[in-house]
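>>> A predicted structure for the sequence below; I have some questions about it.
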Amino acid sequence: MYDRDERVELVQTTDPHTRLTPGIRGTVRGYSDRTTPTLHVAWDDGSTLAMLLTEGDIVTRVEEPDATQQEPGQ
């Protein structure tokens, strides 16, 4: 299960028509586990391709540093 606004990184996709490449990151916009578990992602390049998690698409969760926290003295 993925939560809305969680950050993910593409590991692989089986979609032969996408311009997405492994390593691109995106933000989860929704998750559905009906017939085929589907992860809806707003990718950082502007695309919105959904990942079919039981059809060969693989993403991994990523932790990103909190942009509101700064190093001391900055």
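Right, received. Where do you want to start?

>>> helix/strand/coil for residue 29?
Residue 29 carries the three-state label strand when classified by DSSP: H, G, I helix; E, B strand; the rest coil.

>>> how near is it to residue 18?
When C-beta to C-beta, to the nearest Å is applied, the distance between residue 29 and residue 18 equals 17 Å. Every residue, glycine included, has its C-beta placed from N, CA and C.

>>> ditto for residue 49
Going from residue 49 to residue 18 by C-beta to C-beta gives 5 Å.

>>> residue ranges in this protein under the pLDDT threshold?
In the predicted model of the chain, residues 66-74 satisfy pLDDT under 70.

>>> ok, back up a step: who has more neighbours out of residue 49 and residue 18?
Comparing residue 49 with residue 18 by other C-beta atoms under 10 Å, the one with more neighbours is residue 49, at 20 against 14.

>>> dump the residue contacts of the more buried one.
Applying C-beta atoms under 8 Å, 6 or more residues apart in numbering to residue 49 gives the contacts 13, 15, 18, 20, 41, 43.

>>> try it again at 6 Å.
residue 18 (C-beta atoms under 6 Å, 6 or more residues apart in numbering).

>>> quick check: phi and psi at it.
phi -60, psi 130 (degrees, to the nearest 10).

>>> do the same with residue 57
According to degrees, to the nearest 10, residue 57 has phi -80, psi 130.

>>> from residue 8, how far off is it?
From residue 57 to residue 8 the distance is 11 Å (C-beta to C-beta).

>>> mind listing the strands the helix or strand residue 60 falls within pairs with, and their directions?
When secondary structure is defined using DSSP states H and E, the element that contains residue 60 is strand 58-61. In its sheet, strand 58-61 lies beside strand 7-12 (antiparallel), with partners assigned from DSSP bridges.

>>> hang on, the earlier thing: please save the CA atoms from the strand holding residue 60 in PDB.
Output for strand 58-61, consisting of C-alpha atoms alone and laid out as PDB, is shown next (Å, rounded to 0.1, in the frame of the first residue of the first chain):
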ATOM      1  CA  ILE A  58       8.500  -1.800 -10.100                       C
ATOM      2  CA  VAL A  59       8.900   1.300  -7.900                       C
ATOM      3  CA  THR A  60      10.600   1.800  -4.600                       C
ATOM      4  CA  ARG A  61       9.900   4.300  -1.900                       C
END
